Each structure stands twice: as C-alpha cells, then as structure tokens.
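> Sequence first, predicted model second:
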Amino acid sequence: MDKICVIGAGHWGSALCALLGGKGFINVTLWAFEKDIVEGINRDGINPVFMPGVRFSKNVRATSDLQTAVEGAGCVLFVVPSQFARAVVREASQWIGEDAIVVSAVKGIEKGTLKTASGVIREFTGARVAVLSGPSFAAEVVMKQPTAVTLAVQDKAAGAILQEVFNTDYFRVYTHDDIIGAEIGGALKNVIAVASGITDGLGLGTNTRAALITRGLAEITRLGVALGANERTFSGLSGLGDLVLTCTGTLSRNYSVGFRLGRGELLKDILGDSREVAEGVETSASAFELARKTGVEMPIVEQVYRVIHEGKHPGEAVSELMTRRVRDEF
C-alpha cells in the first residue's frame, strides 16, 4: 500500500489527501478534473480552490490524467459527487489492479438506477470494495480535531489493511461489515440535513430540529432495513453520528442549502453560488423514488423532494408533516 489514488479534489477528497499524505509513508496521487487545482498542488502544495489554507505533504502529487493516477495504486479512493461516479468509475476501472482495494467516500444515490456507489463500482470491477463514512467535516479533519468514522468492508483482511492506512491519533477508524447500511445512512442524512436547514431558515426552534433528526433517523432506518441493512448500523457513526453532525453543523452544505430555502431564496441562485455539490439536492429525488419502489413510508424525504423539485413552499411542507394522521411512535 505504498501508493494510494484519491479521485476527486473537493473539500473531502483534499482532506483525505492531507490525512494520508501526512502519515509520511504513503505516496498519494490526487486526480482532479480542474487544471488549476493540479497546478496549484504540484507547484505550491495547495489546493487553491477548495482548501487554500492547507499545505499538503510533498508526497501528495496531483494529475488530471486518470490512468496516471490509478495505475499501480494499492487503494483507489473515490470521492466524487454521486451523479458523476458512474462515468469516472467506468473510465478508471480499466487501470484498477486485481489486488487493489476500492474505497467509496461517495454519499449519494444515483439517479435512474437508484444504486449506491458500491453498486456502481461493482458493475465495472471485481476488486474488493469498502465504504468510508461517518461524521467528518473536512475542515475539522485537516485541523486534526478528533474525529471517528466507520469503514464498512466485508473482506476482513482488506478491513485490517485499510484501518491501518486511515487511522491516526486524531482520525479513529472503526470497522463494520454493513456496506449498504453505511451508504444509505451517508446518503439519506444529506436529505434530512436539507430539511433541518429549512426549519432553521423558517425560524423554528430546537424542539423542531430534535424532532426532525429523530424522525429522520426512523425513515433512514426503515429504508435501510428494507434494502437489507443491519438495523444497528443506523445507531452508529455512519447513521446517527453523521445525521446529527450534518443537521446541526453550519459547515454542512446541505444544511446551508436548506437554510437558504427556508429564508425564501431560489434553489438556482443557491446552487449557483458554490462549486461544491450539495448531495442532498439530487439524492432527495433518488430517495423519493427508492421509497416508492420499496413501499417504505418516508414523509420527511417526500416533503424535501417536493420543496426542491416541485417548488412547494417550505412552510407548507412543515405544516403538512405536522398535520399527518397521528400514530404510534414504534
């Protein structure tokens, strides 16, 4: 594992490069589509677009050539928006070695196929697959603030290798074998975070937020279990942990999008202000379709979908949630 390839140079991809490069014994190759990012890292050791305040270790190099990035890597780490994953995975797969381990840090559900990233990866490669997820804002990881995450992998030998690779004295990695559960938790928390931002943007209180997080977790768990996940997964770091962080932290892009929607701004204006992707926007549509396909009741997800994709007024969405037929909690 002397070479690791990180595909995707956004905030999280950059943070993982800083973490891995900082260990000193790993050569990290970062693939970036943007030429200015490649030039900035190779010339100055800095990602000038997404992480201008962080200087990377000298063993982190960047390239816009996917073959150069992937070929010979013992670990290929995908950190791209879920809606771009298929195209990138398809191209990269021809250079992924048969002994390599592929790690997904993608948090979304693909439109149309309704597949998680691991499902897309398995279409194109027979390599061992793992998922890295959990409550981990990139900005805090690069500041080396204590963070704990889940590494979901079914191959125990691969899990032991990756745990050693990623774990540091400030980034604690727990292993688990529920890949689909980790992915559903990581994807759906973004949709609930949009809802959390909306309620705060409307000026509602902490009672509202607590109720939203709790009932949002219930929805995520129902869907995950229906898809074959372990119910316990959603009480862990990739479930409850990631959900709480994303619904309460102002560093969350999804929360910020929801907050501005709640304040009355238009979605096109909100999305036009950032080069980073808020996964909850597209995932709300995929999750809505997945809920209908599986017959799982997900009223919060449905209302977020209708606000984002049908222009429903956020206040009306909250009112509709609160006036639904009463029922038992469990």
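Yes, it's here.
> Would you confirm that residue 32 contacts residue 65?
No. Look at residue 32 against residue 65 with Cβ atoms under 8 Å: they stay out of range, at 10.5 Å. To be clear about C-beta, it is placed using only N, CA and C from the backbone, and glycine gets the same treatment.
> and those two? which has more neighbours close in?
residue 32 (25 against 11; other Cβ atoms under 10 Å).
> Chain neighbours aside, what residue packs nearest to the more buried one?
Using Cβ to Cβ, 6 or more residues apart in numbering and skipping residues adjacent in sequence, the residue nearest residue 32 is residue 9, 3.6 Å away.
> For that neighbour, give me phi and psi.
phi -110, psi 30 (degrees, to the nearest 10).
> residue contacts, it?
17, 30-34, 37, 41, 47, 49-50, 62 (Cβ atoms under 8 Å, 6 or more residues apart in numbering).
> try it again with 10 Å
17, 30-34, 37-38, 40-41, 47, 49-51, 62, 64, 79-80 (Cβ atoms under 10 Å, 6 or more residues apart in numbering).
> Filter the residues you listed down to the buried ones, PyMOL style.
Typed into PyMOL, the next command selects the buried ones out of the contacts of residue 9 (criterion: 16 or more other Cβ atoms under 10 Å):
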select buried, resi 17+30+31+32+34+37+38+40+41+47+49+50+51+62+64+79+80
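> quick one on the thing from earlier: list residues touching both of residue 32 and residue 65?
Common neighbours of residue 32 and residue 65, using Cβ under 10 Å, 6+ apart, are residue 38.
> centre of the chain versus the one helix or strand residue 122 maps to, how much separation?
Under the criterion of DSSP states H and E, residue 122 resides in helix 117-124. How far helix 117-124 lies from its chain's middle: 16 Å, per Cα atoms, centre = their mean, to the nearest Å.
> so who does the residue nearest to the spatial centre of the chain touch?
The residue lying closest to the centre of the chain (Cα atoms, centre = their mean) is residue 107, at 2.8 Å. Residues in contact with residue 107 (Cβ under 10 Å, 6+ apart) are 12, 79, 81-82, 116-117, 131-133, 182-183, 185-190, 238, 242, 246, 254, 279-280, 283.
> next one: residue 123
So residue 123 contacts 86, 89-90, 93, 113, 115 (Cβ under 10 Å, 6+ apart).
> any idea which of those residues is closest to residue 137?
Nearest to residue 137, judged by Cβ to Cβ, of those is residue 89 at 25.3 Å.
> I figured that closest one was touching residue 124, is that so?
Yes. Using Cβ atoms under 10 Å, residue 89 makes contact with residue 124 at a distance of 5.4 Å.
> tell me, what's touching those two both at once?
With contacts taken as Cβ under 10 Å, 6+ apart, residue 89 and residue 124 have 96, 102 as neighbours in common.
> neighbour count winner among those two?
Neighbours were counted for residue 89 and for residue 124 using other Cβ under 10 Å; residue 89 has more, 24 against 16.
> Beyond the biggest helix by length in the chain, next helix or strand please.
Longest helix of the chain, by residue count under DSSP state H: helix 179-201. Downstream of helix 179-201, the first helix or strand assigned by DSSP H and E is helix 206-226.
> and the helix or strand following that following helix, average pLDDT?
Using DSSP H and E, the helix or strand that follows helix 206-226 in sequence is helix 242-248. In this model, helix 242-248 has an average pLDDT of 97.
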